[in-house]
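Novice: my questions concern the predicted model and sequence given below.
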Amino acid sequence: MRIHFIAIGGSAMHNLAIALHHKGEDISGSDDEIFDPSKSRLAAHGLLPEQYGWFEDNISTDIDAVILGMHAKSDNIELLRAIELGLTIYSYPEFLYEHSKNKTRVVIGGSHGKTTITSMILHVMHYHDKQVDYMVGAQLEGFDTMVHLTKDNDFIVLEGDEYLSSAIDRRPKFHLYKPNIALLSGIAWDHINVFPTFDNYVEQFRVFLSQITHGGAIVYNQEDTQVKQVVEATQNQIKKYPYQTPEYTVENGDTLLETQDGPMPIEIFGRHNLNNLEGARWICQLMGVQQEDFYEAIATFTGASKRLEKIAEGKSSIAYKDFAHSPSKVMATTQALKTQYPERSLLACLELHTYSSLNPEFLSQYKGTLDSVDKAIVFYSPKAVKIKKLDAVSSAQIIEAFEREDLLVFTQPDAFQDYLLDQDFTNASLLLMSSGNYGGLDFEKVEEVLK
């Protein structure tokens, strides 16, 4: 097939382009800007556009399908030309569904934990050499791309994002997959620019449940009150499998998972990650992996990229970075690190980077999320607030929202970096939480300070 990607530089889009290229499809693409790692990876496969921008000439009648990314606007000239020519246009999730209509679709949904759970499942399958198709939101060790598509594999494992599909398809991505097997890890209000009220956000998960094929299955976190309510209220005729956090202990910085064969050391830590692990175990069981085989494989799982990822360690210090930015993720991640190293002081830095986190109306959701840390820092860029066309946010508003008077607020990247590099990390833990990069933080310098 001849397939053209509009906005090929996106994290998910470029991985799909590479996966289809591996399958032997004829791939082209365009974008107005592409950054690493997408840029380097596209170039390595000969898929990087010769020049940036949108060009009508890229669209012709010999194209079998156009895949439209979220970065492209509804007035994109390539999109308009494709519509004019009557070409088949897919959003990213639409294309994945078309590819997997005859497969058993396993979709992992939830406001948090879905990338980690999907990664755990794929790790277990890879460990036991069980071949599955997949789409996951983080780069995994031992996997070339975040997307893998074949004609022959029976299962496809999909991370089910609740954000919109494209500029011309305003449905949440996970509404399009129609899973045979699904998981819901948690529901905590997010994406307020799209879902302005909490109930409107929760409604997306009700719809998700209604899309599970009749006779299918939902594995759900019964410790999350909202998830429990939504799952138990659904009228869809599906099997329901609740799970909860398994028993575990922490000894001298090591986490031991209680199993039928006794305590088992694992690489990951934190109550939320153990909860994720139990959800992954249920899904793997429904995919034919026995419990003892799951435990054997999961003992070697070190985590998904940027999810409590260790970046440095000294004699009495350690540093992690995490993608956490929503209130529930911030609280879970900070509590996990403090529980794992209770004898060490914890310095936690949070960058407010997303539309929701920079919205003054949403800030109150962060109340108490940094209470478990010894030193708390929030960084945000006033420029980012302007770009997102939001009302200005002040340091006083942030301190009031977190309800922590000793909270330090930085808006200048250099001042933030200087502060970090000046800290004494003896007997301390450092946690850097962001979906951005703190305005250009030099992580190598930070790592040097801890060693």
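Specialist: Structure's in. What do you need?

Novice: quick one, phi/psi of the residue lying closest to Ser357 once chain neighbours are set aside?
Specialist: Nearest residue to Ser357 in three dimensions, chain neighbours excluded: His325, at 5.7 Å (CB to CB, 6 or more residues apart in numbering). C-beta coordinates here come from the backbone N, C-alpha and C atoms, glycine included. Note on His325: its backbone torsions stand at phi -140, psi -30 [degrees, to the nearest 10].

Novice: quick one: His325 and Ser435 touch, right?
Specialist: Yes: taking CB atoms under 8 Å as the definition, His325 is a contact partner of Ser435 at 4.9 Å.

Novice: shared neighbours of the two, anything?
Specialist: Glu351, His353, Thr354 (CB atoms under 8 Å, 6 or more residues apart in numbering).

Novice: just to revisit the earlier point, pick out whichever of His325 and Ser435 has more residues nearby.
Specialist: Set His325 next to Ser435 and count neighbours by other CB atoms under 10 Å: His325 wins out with 20 against 15.

Novice: roughly how far apart are Glu444 and Ala348?
Specialist: 20 Å (CB to CB, to the nearest Å).

Novice: which of those two has more neighbours?
Specialist: Ala348 (26 against 9).

Novice: now the strand or helix carrying the more buried one: how far from the chain's centre is it?
Specialist: Assigned by DSSP states H and E, Ala348 belongs to strand 345-352. Distance of strand 345-352 from the chain centroid (CA atoms, centre = their mean, to the nearest Å) equals 20 Å.

Novice: need the residues that contact it.
Specialist: 324-325, 330, 334, 337-338, 358, 370, 372-380, 393, 398, 416, 420, 423, 425, 427-436, 438.

Novice: the closest residue to Asp391 other than its chain neighbours: what secondary structure?
Specialist: Residue nearest to Asp391 in three dimensions, not counting chain neighbours: Pro360, with 5.5 Å by CB to CB, 6+ apart. Per DSSP: H, G, I helix; E, B strand; the rest coil, the secondary structure class of Pro360 is coil.

Novice: neighbours of Pro360, how many?
Specialist: Pro360 has 15 nearby residues by other CB under 10 Å.

Novice: now the element after the worst-scoring helix or strand of the chain on mean pLDDT, going C-ward?
Specialist: In the chain, no helix or strand scores lower on mean pLDDT, DSSP states H and E than helix 382-387, which sits at a mean of 82. Next along the chain after helix 382-387, taking DSSP H and E as the criterion, comes helix 395-402.

Novice: show me what that next one is packed up against.
Specialist: With contacts taken as 3 or more CB pairs under 8 Å, 6 or more residues apart in numbering; DSSP states H and E, helix 395-402 sits against strand 375-380, strand 408-410.

Novice: which strand residues bridge the closest residue to Thr249 other than its chain neighbours?
Specialist: Distances taken as CB to CB, 6+ apart place Leu256 nearest to Thr249, at 4.9 Å, with adjacent residues excluded. Assessed by DSSP bridges, Leu256 has beta-bridge partners Thr249, Pro265.

Novice: for Cys349, same thing?
Specialist: Under the criterion used here (DSSP bridges), Cys349 is bridged to Ile377, Leu432.

Novice: got the domain ranges for the protein?
Specialist: 2-87, 95-298, 309-450 (automatic domain parsing).

Novice: end to end on the shortest one, go ahead and measure it.
Specialist: Distance between the two ends of domain 2-87: 12 Å, counting by CA to CA, to the nearest Å.

Novice: pLDDT of that domain, averaged?
Specialist: Domain 2-87 carries an average pLDDT of 95.

Novice: so when I look at Phe5, I'm seeing a strand, right?
Specialist: Yes: using three-state DSSP, the assignment for Phe5 is a strand.

Novice: now do the helices in this protein.
Specialist: 11-22, 38-44, 77-84, 92-100, 114-127, 198-210, 225-233, 271-286, 291-298, 327-340, 382-387, 395-402, 413-421, 443-450 (DSSP state H).

Novice: quick one, which of those is nearest to Tyr52?
Specialist: Comparing the helices of the chain by their distance to Tyr52 (CB to CB), the top pick is helix 38-44, with 10.2 Å.

Novice: and the closest one, what does it pack onto?
Specialist: Helix 38-44 packs on helix 11-22, going by 3+ CB pairs under 8 Å, 6+ apart.

Novice: please enumerate residues in contact with the helix it packs on?
Specialist: 3, 5, 7-8, 27, 29, 34, 38, 41-42, 45, 47, 67, 69, 71, 92, 95-96, 135, 137, 144-149.

Novice: among the residues you listed, name the buried ones.
Specialist: 3, 5, 7-8, 27, 29, 34, 38, 41-42, 47, 67, 69, 71, 92, 95-96, 135, 137, 145-149 (16 or more other CB atoms under 10 Å).

Novice: report the separation between the residue nearest the centre of the chain and Lys388.
Specialist: Computing the C-alpha centroid of the chain and ranking residues by CA atoms, centre = their mean puts Thr115 first, at 4.6 Å. As judged by CB to CB, Thr115 and Lys388 stand 23 Å apart.

Novice: check Lys23 too.
Specialist: 37 Å.

Novice: Gln235 too?
Specialist: 38 Å.

Novice: more crowded one of the two?
Specialist: The neighbour comparison of Gln235 against Lys388 (other CB under 10 Å) goes to Lys388, with 13 against 8.

Novice: is that one in contact with Ser357, as I believe?
Specialist: No: using CB under 8 Å, Lys388 makes no contact with Ser357, being 10.3 Å away.

Novice: which one is Lys329 nearest to, not counting chain neighbours?
Specialist: The shortest distance from Lys329 to any non-neighbouring residue, by CB to CB, 6+ apart, is to His112 (5.1 Å).

Novice: what's the answer for Tyr355, then?
Specialist: Asn193 (4.6 Å).

Novice: quick one: Glu50 and Ser166, what's the gap?
Specialist: 24 Å.

Novice: among those two, which residue is more densely surrounded?
Specialist: A count of neighbours by other CB under 10 Å puts Ser166 above the other of Glu50 and Ser166, at 24 against 5.

Novice: could you measure from Glu203 over to Pro196?
Specialist: 12 Å.

Novice: actually, Val107.
Specialist: For Val107 relative to Pro196 (CB to CB), the value is 25 Å.

Novice: between the two, who's got more neighbours?
Specialist: Val107 (29 against 11).
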